[in-house]
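K.L.:
Quick one, structure for this:
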Amino acid sequence: MQTALFENYEKQVWELSGIVPGSEGVRMRALKQAQKLGLPTKRDEEWRYSDIKFMQDTAFHVASKINAVEIDTAPLCDTYAGRLVFINGYFDEELSDYADLLEVANVRPLANHLITNPERVDELIEGGDGIALLNTALMVGGMVVSVPANTKIEKPLEILNFSTGTDQSANHTRHIFELGEKAALTIVENFVGDGLSGNYWNNSVVQARVSEGGNLEHHRVQNEGIHAFHTSKAYVSLDTEATYTCTNLMIGGKVARFEGHVKIMGEGARATIDGVALAGKDQSQDILTNVRHMVPGATSDQVVRTIADAFGKTAFQGKVIVDKDAQETEADQSFKALLFDRRGEANAKPELEILADDVKCSHGATVGELDEKAIFYLTSRGVDPVTARQILVSAFTADAFDRLEENLKDTLIAKVADWMAERNIG
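P.N.:
Next comes the predicted model:
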C-alpha cells in the first residue's frame, strides 16, 4: 500500500517544481528518505498511541490555492506586531498585516528567502520520520522571520493557518525563525478549520535557531475542523543563555499530534514545553517532546495536562536526554490526565536518558477522575454541578498556562471553559 502512496507523492513533488525555487534537490532527497523509512505505524515506538491509519489509507493531494476567502477568525491577541494569514497552506498577502513588523525584522516568504539565498536550501531540516520528510518534499509555503541582535519585539506575531473546503487535501507549511543575540520574539500560531472543511491534513513544521541570550516564545492553539488530521513539529536549537517557551492548547481535529524537539547547545539555556490536550468523542490528541541537553548548566521543564471524554484518547510521550558532558542539568516533567468517562483513554510515557552523573532530573505521571469530594463541597455551597466541574477543570489545566502573559492566558482559559460548556457535564 505504501508503494502506491509514495508513487502518488513523487508525482506531486514533480508538479511542485518551481513553487519554492532551488528546493527541488532537497525535496526529492527527502521523498526518497521518507520512502526508505516508510510512514509511521503503531510498531514505531513514538507512534504507538497515535491513530495514524489515515495516512496509510489516503494519498492526500496538495491543497490548491484559493482566493477571495472571507475570514471571521478574530486574532488571539488584543494587539500584535504582525499577523500572517495562510489559507490552505498558502500565504495571503491581502489578509495579512505586518507593516509594523517589517520596521524591526526581516520578514519574507520562504520562496523569496531561497531565491536570494540559494545556498541556504540545505539548512532546511528534513526531519527524522516520514511525516516531517513529506513536509520537506511537499512544502508549498511558509515564512522566514529574522530578528536582528538586541532587538526585542514586544508584541506577538500571530500566524493564522486557516483551512476551508478541503477534502483529502494536505497543507504542508514550513516556517523558519532566526533570532540574533539577545533578540526576543513571541509567535502565536492559530490553526482553524471552518464548518465546510472535510478530512484535510495539516502537516506543519517550524524550525528555529535562538542565538546567545535570545528569547523565543512559541504558543499554539489547534482548533482544526472536526474531520481534520493535524501533525505539527517544532525543531529548535538554543545557544548559550537562550530560552524557548512553548505552550500548546489542542482542541480540534479528529486526529492531532504536536512534537517539540529541542537541542540545548549552549550553557545556561532554558527550554519549557507545556501543553493542554482535550479529546472529545472519537478524537485523538497527542503531545510528544524530545529535549536533549548537550552542554552543562542548562534547564528544561515540561507541564502537560490532558482530558479525555468518552471514546476520546490522549497521549503524552516526553523524553529528556542528558549527554555525558551535560553536568549540572536540571530537568523536570509533570504529566496529569483526567478521564471524564471510563470509556476514555489516557496514555503516558515519560522518559529520562541520563548519561551524566551530576544532575537533578525528575518526572511524574498520574491519571485519574475528577474529585467527587471537591464537587460535593462546591455543590453543597450552591454551585451547580456543571459549573463545579468547570471550576475544577480550570484549576487542573491552569499549571500548563502559567508561563503565558495574562491576556493570552485568559484567552486560552476561556477556550477550555467553552470546551467544557459544550459537554454540559454535570
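K.L.:
show me the contacts for Phe335.
P.N.:
Applying Cβ atoms under 8 Å, 6 or more residues apart in numbering to Phe335 gives the contacts Gln302, Val304, Arg305, Thr306, Phe316, Gly318, Ala348, Pro350, His363, Gly364, Ala365, Thr366. Using the backbone N, CA and C atoms, a C-beta is placed for each residue, glycine as well.
K.L.:
Now, of these, which are buried?
P.N.:
Buried members of the contacts of Phe335, counted by 16 or more other Cβ atoms under 10 Å: Gln302, Val304, Arg305, Thr306, Phe316, Gly318, Ala348, Pro350, His363, Ala365.
K.L.:
Specify which member of these is nearest to Asn223.
P.N.:
Thr306 (16.2 Å; Cβ to Cβ).
K.L.:
Please enumerate the helices of the stretch 251-400 of the chain.
P.N.:
372-379, 385-398 (DSSP state H, counting those that start in this stretch).
K.L.:
Show me what the helix or strand that contains Gln12 is packed against.
P.N.:
Element membership for Gln12, per DSSP states H and E: helix 2-15. When contacts are defined as 3 or more Cβ pairs under 8 Å, 6 or more residues apart in numbering; DSSP states H and E, helix 2-15 sits against helix 24-37, strand 61-62, helix 130-138.
K.L.:
Mind listing residues that contact it?
P.N.:
Against helix 2-15 from outside (Cβ under 8 Å, 6+ apart): 27-28, 31, 34-35, 38-39, 56, 59, 61-62, 134, 137-138.
K.L.:
please redo it, this time with the cut-off set to 6 Å
P.N.:
Arg27, Leu31, Gln35, Gly38, Ala59, Val62, Ala137, Leu138 (Cβ atoms under 6 Å, 6 or more residues apart in numbering).
K.L.:
where's it relative to the chain centroid, distance-wise?
P.N.:
26 Å (Cα atoms, centre = their mean, to the nearest Å).
K.L.:
Identify each buried residue in that helix, please.
P.N.:
Result for helix 2-15 [16+ other Cβ under 10 Å]: buried residues Gln2, Leu5, Phe6, Tyr9, Glu10, Gln12, Val13.
K.L.:
Let me know which of the helices and strands packed on helix 2-15 is tucked in deepest.
P.N.:
helix 130-138 (a mean of 25; mean count of other Cβ atoms under 10 Å).
K.L.:
what angle separates that helix from helix 24-37?
P.N.:
Angle, helix 130-138 to helix 24-37, by axes from the mean of the first three to the mean of the last three Cα atoms, to 10 degrees: 150 degrees.
K.L.:
for helix 130-138, packing partners?
P.N.:
In terms of contacts (3 or more Cβ pairs under 6 Å, 6 or more residues apart in numbering; DSSP states H and E), helix 130-138 is packed against helix 24-37.
K.L.:
which residues sit against the next helix or strand after the helix it packs on?
P.N.:
Later in the chain than helix 24-37, the nearest helix or strand by DSSP H and E is helix 53-57. Applying Cβ under 6 Å, 6+ apart, the external contacts of helix 53-57 come out as Leu39, Phe229.
K.L.:
May I see the buried residues of helix 53-57?
P.N.:
For helix 53-57, by 16+ other Cβ under 10 Å, it's Phe54, Met55.
K.L.:
and the two most separated of the contacts of helix 2-15?
P.N.:
It's Gly38 and Val62 that sit farthest apart of these, by Cβ to Cβ, at 20.5 Å.
K.L.:
okay, the helices and strands packed on helix 2-15 in JSON lines with distance to Ile413 next?
P.N.:
Shown next, in JSON lines, are these (distance: least, Cβ to Cβ, whole Å):
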{"stretch": "helix 24-37", "distance to Ile413": "39"}
{"stretch": "strand 61-62", "distance to Ile413": "36"}
{"stretch": "helix 130-138", "distance to Ile413": "31"}
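K.L.:
could you redo the ones you listed as TSV and give each row mean pLDDT and distance to Tyr200?
P.N.:
Converted to TSV, the helices and strands packed on helix 2-15 look like this (pLDDT from 0 to 100; distance: least, Cβ to Cβ, whole Å):
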stretch	mean pLDDT	distance to Tyr200
helix 24-37	92	20
strand 61-62	92	10
helix 130-138	95	14
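K.L.:
Output the contacting helices and strands for the worst-scoring helix or strand of the chain on mean pLDDT.
P.N.:
Here the helix or strand of the chain ranked lowest by mean pLDDT, DSSP states H and E is helix 372-379, holding a mean of 81. With contacts taken as 3+ Cβ pairs under 6 Å, 6+ apart, helix 372-379 sits against helix 385-398.
K.L.:
Now the element after the helix it packs on, going C-ward?
P.N.:
helix 406-423.
K.L.:
can you state the direction angle for that next one and helix 385-398?
P.N.:
Using the same axes, to 10 degrees: helix 406-423 against helix 385-398 is 140 degrees.
K.L.:
can you pull the buried residues of helix 406-423?
P.N.:
Within helix 406-423, the residues that count as buried by 16+ other Cβ under 10 Å are Leu408, Lys409, Thr411, Leu412, Ile413, Lys415, Val416, Trp419, Met420, Arg423.
K.L.:
now do stretch 255-272
P.N.:
Buried residues in stretch 255-272, defined by neighbour count with 16+ other Cβ under 10 Å: 255-266, 268-272.
K.L.:
In strands only, show me the residues you listed.
P.N.:
255-264, 270-272 (DSSP state E).
K.L.:
Neighbouring strands of the one helix or strand Tyr244 maps to in the sheet, and parallel or not?
P.N.:
Tyr244 belongs to strand 243-250 when assigned by DSSP H and E. Strand 243-250 has the following strand partners under DSSP bridges: strand 215-223 (parallel), strand 270-279 (parallel).
K.L.:
Distance from the chain centre to it, please.
P.N.:
With Cα atoms, centre = their mean, you get 8 Å for strand 243-250.
K.L.:
Then stretch 408-418?
P.N.:
Distance, centroid of stretch 408-418 to centroid of chain: 18 Å (Cα atoms, centre = their mean).
K.L.:
How much space separates the residue nearest to Lys152 when sequence neighbours are not counted from Gly213?
P.N.:
Distances taken as Cβ to Cβ, 6 or more residues apart in numbering put Ala184 closest to Lys152, at 4.0 Å, once the chain neighbours are dropped. Remark: distance between Ala184 and Gly213 (Cβ to Cβ, to the nearest Å) = 9 Å.
K.L.:
neighbour-wise, which of those two wins?
P.N.:
Gly213 (21 against 18; other Cβ atoms under 10 Å).
K.L.:
ok so, going back, give me the contacts around the least confident helix or strand of the chain.
P.N.:
With Cβ under 6 Å, 6+ apart, helix 372-379 has contacts from Pro385, Ala388, Leu392.
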